[in-house]
Every structure is written in structure tokens, then in C-alpha cells.
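> Just the structure for this:
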Amino acid sequence: MPSPPRAEVFPVRTPAASQIFTTVLSHGPLTRADVARRAGLSAAAVTKAVRPLIEAGYLVEDADGGTRPLLGRPANLVRVDGGRALFVGVKLTGDRIFGVLTDLCCRVRVARDLPLPARAPKAVLVSVAELVRELLTEADGFGVPVLGCGIAVAGEVDRAEGAVRYSPFLGWRDVPLAELAATVTGLPVTVDNDVRALTVAEQWFGAGVGLSDFAVVTVGAGVGCGLVVHGRVVAGTYAVAGEIGHVVVDPAGPPCHCGKRGCLQAFAGDAEIVARVREITGTSITDSAEAVALAHAGHPGVREVYARAGAAIGRGIATVANLLGPERVIISGEGLAAYDLFAEQIRDAFTEAAFGSAAHCELLTRPLPFEEWARGAAATAIRAFVRADPEQQAAAPAT
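Numbering: from 1, shown residues only. The predicted structure follows:
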């Protein structure tokens, strides 16, 4: 049995300290002057925050022989000590659970996954506890504490309450997942929508580093969107910001499970594509891999299904670009296995529907396996640990 993680809090819980630390985390190593410039803070504020973080071992100061001012002492570089602490990230799907153990810089040290034998909350918690127990056993070998666990779930998630309001793939409503998971794991737990969690990882450690405004659009079992506006991941008042899967892209389009017609999900969701391919071909295919194989074999009707899906995705992305004006849209998700079948249609439809300068938005594809989604969950746990605002705090385990 792994040793229990020791309770620990971030040494300086102020907005300025959090901003300074995350600046070094995403952009470091940096000199103090560079930190102040990037964070928009005074040199005195940086010095005040950095000192206790170095004393506690979260930041390390290295002499920089290459950065020598004309007068005075050489400037030293400050960096995050990634090995100072560990975090667990868990991604739940409808039939499998993926987990990672990361360091403080969100580098994956260990990855595990397990089948999900049942979707009821109690059964899922048993699997979560088993997976986390395996990761904590691995963590013992690193000799540093595990300071939090993030869980990513598709659907409507109240991040502040740590509750899953609705998850279509698990069939859950109003499940207090953070509280329940904290009890079975013994760790502070954060819970967030899976696409928002992936967006946090992209913002701090991936293709969104340094961008003030960008979006992550995921295509697969569902169609999701994570939004970063003025440097903040946006959830909205009701935690449904970015729900482009149910933006109507064609009022005369196919019916959607939500009750409307022509939603982006109805064109581009994996299950919807498979159902349409079955209807067109008269075959009994069961998954998207078989649908993709038929398209690659040259079946014209199947290729048209993917072309329509691509056009719908492009219009959905254009809606995001027109409303928010992001510098970049990162396209990811398991649906990228079919990307060659609809990439041209995505770009053509985006260019046609984007208004004015919104068309300059960069579209970047990033195939990210579910391990990366679990890493996103770990990123939310890191964020909760270092952030000072109450909405970002993890739920404490029951004692």
C-alpha cells in the first residue's frame, strides 16, 4: 500500500504569486526582469513572491552565464523545479479510464489505463480508486509528495462545486464527483469538463503558450470547445461556455439527440457518422474505424458523409472565430483519425463563413491521445494548487 500523501499548501497564496509562478512555469527559465515584464508586475512584487517559492523548493535560481548586463551582477534565471511535487490526472470515457502521474511541470512520468466495467458512479469510483492506488504506488519511488488529483469528464461540469451536472456518455446527473473521489483517493480533487481540462494543458504547456486568445475544438464521440479569452479559460455562468456541438449549422440538417435539427454534433459526432454510414451502405458497421475504412476504400456515399461533417466543423469553428476573434484554433480529438477525409472541407467552410479578419485565425491540428486528456486533468490539479482564487481550489478529502 502506498504511503499516504502529506498535506501541503502552496507557500504564497496571492494572485500575484500565482501569476508569477505560472509565468515561470509556462515560459521559464526567466530572469526576474523577464518575469516582471511578462506578468506586468513590478520588480519588487516579483522579488517578494519569488523568495518564499525558492525557500520552499518550488522555484530554483540558476546562474546564467549568458545574460550579463553591462553593469552590476549577472542576471540569474528562475525556473520551476518540476521534481518538487507530483500530481495525478484521470480522464473518464464511456468505457475506459486513463490516468497519468505527472510532475509539477506536467510532464508525464507514469501512465495507466483500465477498462470501465460499469458506468454507475459507485462502480466508476471503484475504478478511479484502483487506478489512483496504482499511480500512488509508482509515486513512492520518486520520493516527493502527490499534492492533488484532477478528473476530466465529458459533459456539463460545475468546476467550483466539483459536481458533474450532466454527462451524456456516463449517464450521470448531479454527481458530487470531487467530494466522492477525494474520499476514495485521499487526495484533494478537482473536477472539470474534459475539453476545458485539455485547454488548460494547451494554455500552460502546449500550443496555446503565450497566446491571450485561442480555442480548442475537439471532434470525436462529441464535439467540444475550450475557450481562452484574455488569458483565462472561460466556463461561463452556467459552465457550458464553448458548447459548439449544439450550435445549429444547418436548420434543415439531420435530427440531433438534443431534440433540435442540424446541430454540429448531428453531422460530426462519431456515433452520428457511423449511423449515417450504416444507412447509406446497408452494412452493419459498429464503429468509426470501420466507417473510415469504407471511406478510404473509395465508397462515394461514405466520403460524402465525411465531407458534410468537415463542412459543418468548419462552420462551427468560424462561429467561434467570428464571436471571439482567437489567434489560433487547435483542432484535436479521436475524430482526427478521419482528418484526411474532411480537412479540405473544414478549411473551405471556415474561410467562407469567417467574417473579415476572423479568417486570419490559424487552424492547427494536434492529434492528442487520451493520455494527453488525462494530462489535462493533472494540469487542472496543478492550477488549483497554485491559484489563489476560491473557484480554482480543489475539494479537500474527507477526514
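
> going forward, measure contacts and count neighbours with C-alpha atoms only.
Noted.

> isn't Met113 right up against Thr93?
If you look again at residue 113, you'll see it is Asp, not Met. No. When contacts are counted by CA atoms under 8 Å, Asp113 is not listed as touching Thr93 (11.0 Å).

> give me every residue that touches Ala239.
With contacts defined as CA atoms under 8 Å, 6 or more residues apart in numbering, Ala239 is in contact with Glu156, Val157, Asp158, Arg159.

> what's across from Cys149 in the sheet?
Note on Cys149: beta-bridge partners Val88, Val189, judged by DSSP bridges.

> rewinding a little: quick one: which of the contacts of Ala239 has the most company?
Each of the contacts of Ala239 was scored by neighbours using other CA atoms under 10 Å; the highest score is Val157's, at 29 neighbours.

> measure it to Gly262 for me?
From Val157 across to Gly262, the span is 25 Å (CA to CA, to the nearest Å).

> same thing with Glu290?
Per CA to CA, Glu290 is found 24 Å from Gly262.

> out of the two, which sits in the more crowded spot?
Under the criterion of other CA under 10 Å, the comparison of Glu290 against Gly262 puts Gly262 first, with 20 against 14.

> give me every residue that touches the closest residue to Gly155 other than its chain neighbours.
Once flanking residues are discounted, Gly155 sits nearest to Ser167: 4.3 Å by CA to CA, 6 or more residues apart in numbering. Residues in contact with Ser167 (CA under 8 Å, 6+ apart) are Val153, Ala154, Gly155, Glu156, Arg173.

> And Leu294, by the same measure?
If you count contacts by CA under 8 Å, 6+ apart, Leu294 has them with Val302.

> what helix or strand does it sit in?
Per DSSP states H and E, Leu294 falls inside helix 288-296.

> Which element is encountered next along the chain beyond that helix?
On the C-terminal side of helix 288-296, the nearest following helix or strand under DSSP H and E is helix 300-324.

> correct me, but Asp95 touches Ala120?
No. Using CA under 8 Å, Asp95 and Ala120 do not qualify as a contacting pair, with a distance of 11.5 Å.

> how far away is Thr185 from Leu211?
Applying CA to CA, one obtains 35 Å for the distance of Thr185 from Leu211.

> so what's the closest residue to Val80 other than its chain neighbours up against?
Residue nearest to Val80 in three dimensions, not counting chain neighbours: Leu59, with 4.5 Å by CA to CA, 6+ apart. By CA under 8 Å, 6+ apart, Leu59 lies in contact with Val50, Leu53, Val78, Arg79, Val80, Asp81.
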